[in-house]
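J.: how does the following fold in three dimensions:
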Amino acid sequence: MKLNDLRDNPGATHKPKRVGRGAGSGIGKTGGRGIKGQKSRSGVAINGYEGGQMPLYQRLPKRGFNKPNRKAFAVVNLSKLQEFIDNGKLDANNVTEDSLVEAGVVRRKLDGVRLLGKGELSAKATITVTGASKGAVEAVEKAGGSVTVAERAEA
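T.: Next up, the predicted model:
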């Protein structure tokens, strides 16, 4: 068998429908679009448009509130912290936000780094971050370390 012998099974492929190719084709003249109107023209996108009626997304009630000045924190779990300490990428004696970025634990600080309590921490670590959950602080202190929650200076 050669590459030029390869063929699809008979009937597996269909020729594309060619619209507007004469009355005898069954879809000549208007090409199956009907007569006149916005949808018969090219370049029409009417998603969500309901012909002048108020669209559904505007009729439904809006709920909640998005705080415009809310803070976004980079999140670090205890398991990730322990993994980087075990691999020697992070010094357990001095864990700061800058050292976490440098080691690649978080990509960027955003409005600060927040320590969360998912996973186990066995290393005795001294950690300075913008925020920490109660569970994370308890787990670090249980391992013999300490957590300092420092407010980040506004830039």
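J.: tell me the mean pLDDT for the helix or strand containing T128?
T.: Using DSSP states H and E, T128 maps to strand 126-129. Strand 126-129 shows a mean pLDDT of 90.
J.: show me what it is packed against.
T.: strand 113-116, strand 146-149 (3 or more C-beta pairs under 8 Å, 6 or more residues apart in numbering; DSSP states H and E). Just so you know, the C-beta spots here come from the backbone N, C-alpha and C atoms, and that holds for glycine as well.
J.: mean neighbour count, these: which tops it?
T.: With neighbours defined as mean count of other C-beta atoms under 10 Å, the helices and strands packed on strand 126-129 peak in mean count at strand 113-116, which reaches a mean of 23.
J.: now the residue of the chain most remote from its centre, what's its secondary structure?
T.: Within the chain, the residue lying farthest from the chain centre (C-alpha atoms, centre = their mean) is G24, at 51.3 Å. Applying DSSP: H, G, I helix; E, B strand; the rest coil to G24 yields a three-state assignment of helix.
J.: circling back: now the helices and strands packed on strand 126-129 in TSV, with mean pLDDT and distance to V140?
T.: Below are these laid out as TSV (pLDDT from 0 to 100; distance: least, C-beta to C-beta, whole Å):
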stretch	mean pLDDT	distance to V140
strand 113-116	92	8
strand 146-149	89	5
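J.: got those strands as CSV, with distance to K80 columns?
T.: Listed next are those as CSV, based on distance: least, C-beta to C-beta, whole Å:
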stretch, distance to K80
strand 113-116, 9
strand 146-149, 15
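J.: A125: which of those is closest?
T.: Closest of the helices and strands packed on strand 126-129 to A125 is strand 146-149, at 8.0 Å (criterion: C-beta to C-beta).
J.: give the burial count for L100, as a bare number.
T.: 24 (other C-beta atoms under 10 Å).
J.: A139 and L121 touch, don't they?
T.: Yes - counting by C-beta atoms under 8 Å, A139 does reach L121; the two are 5.4 Å apart.
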